[in-house]
Every structure is written in C-alpha cells, then in structure tokens.
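below is the structure, and that's it, no one-letter string:
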C-alpha cells in the first residue's frame, strides 16, 4: 500500500549497486497528501519520550533530514493502517506485550 501511494524511495540498481532516490509519487496524490499532512501533525504533537513510535521517530530525526523523517513516519502509518484493515483485528500499539501486564 505504501508503494501504491508513492511513499517509498525510487530505486535505481545496476551491477549490484543499489541507489535510492526520492519518493516515487505514484498512486493517488490526494490520499498521499492527506497521509503526509497527518504525519506532519503527529510529528508536531507527539510526545517523543512516552511512546515506542516517538522514540523511533526521534532516532530517525537525529540521523536524517526532517523531511525524510516525515515521509518515514507517513510510510509507517500507512503500513499500520494496511495491517489493521487486512488483519481483521483492532489496533494494538504494543502487540508483543501482555494485556494483563
């Protein structure tokens, strides 16, 4: 789904040398814009120290450009949405932790 929306980098490879370019911008541009705007709002208002995704985002922001972190977050949101929609289960932010813990 993230590839269909164009949220993954375009890949050029030849002779075993792989180069990643900018996002491919394929698929529905309006839906991609909405997901990116949602990710931007989440980046602004997220408490980085209180969630696992916040810690992940902090690490991405620390080692790359803020726009790269924004697209990475949008990509992660789309992958989570796809899993929830196709899995038939409710969203669980911590799937490996016990419910009674």
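Perfect, thanks for sending it. It should be emphasised that the depicted structure is a prediction, and the values quoted were computed from it without experimental measurement.

residue contacts, residue 78?
With contacts defined as CB atoms under 8 Å, 6 or more residues apart in numbering, the neighbours of residue 78 are 1, 2, 5, 7, 35. Backbone N, C-alpha and C define where each C-beta goes, glycine included.

wait, a strand at the fourth one?
Think residue 7. No. Counting by DSSP: H, G, I helix; E, B strand; the rest coil, one finds residue 7 to be coil, located in no strand.

what about it, neighbour count?
Using other CB atoms under 10 Å, residue 7 is surrounded by 26 other residues.

ok, it touching residue 23?
Yes. A contact is recorded between residue 7 and residue 23 when judged using CB atoms under 8 Å, the distance being 5.9 Å.

shared neighbours of those two, which are they?
Contact criterion CB under 8 Å, 6+ apart; residues bridging residue 7 and residue 23 by contacting each: residue 71.

before we move on, the earlier item: out of the contacts of residue 78, what pair is the most spread apart?
The most widely separated members of the contacts of residue 78 are 1 and 35, with 10.0 Å between them, by CB to CB.

okay, the two: which has more neighbours?
When residue 1 and residue 35 are compared for neighbours, residue 35 comes out ahead with 21 against 14, by other CB under 10 Å.

show the contacting residues for that one.
Residues in contact with residue 35 (CB under 8 Å, 6+ apart) are 5, 7, 74, 77, 78.

in the helix or strand that contains it, what counts as buried?
Taking DSSP states H and E as the criterion, residue 35 maps to helix 29-45. By neighbour count, and taking 16 or more other CB atoms under 10 Å as the criterion, the buried residues in helix 29-45 are 32, 35, 36, 39, 42, 43.

considering the residues you listed, which is situated nearest to residue 61?
Within those, distances to residue 61 taken as CB to CB reach their minimum at residue 43, with 8.4 Å.

and the strands in this structure?
All strands of the chain, identified by DSSP state E, fall at 9-14, 17-23.

tell me the mean pLDDT over the first one?
When you say that, I think you mean strand 9-14. Regarding strand 9-14, the rounded mean pLDDT is 72.

also stretch 63-73?
Predicted confidence along stretch 63-73 averages 90 (mean pLDDT).

would you mark the buried spots in that stretch?
If you call a residue buried by 16+ other CB under 10 Å, then stretch 63-73 has these buried ones: 69, 70, 71, 72, 73.
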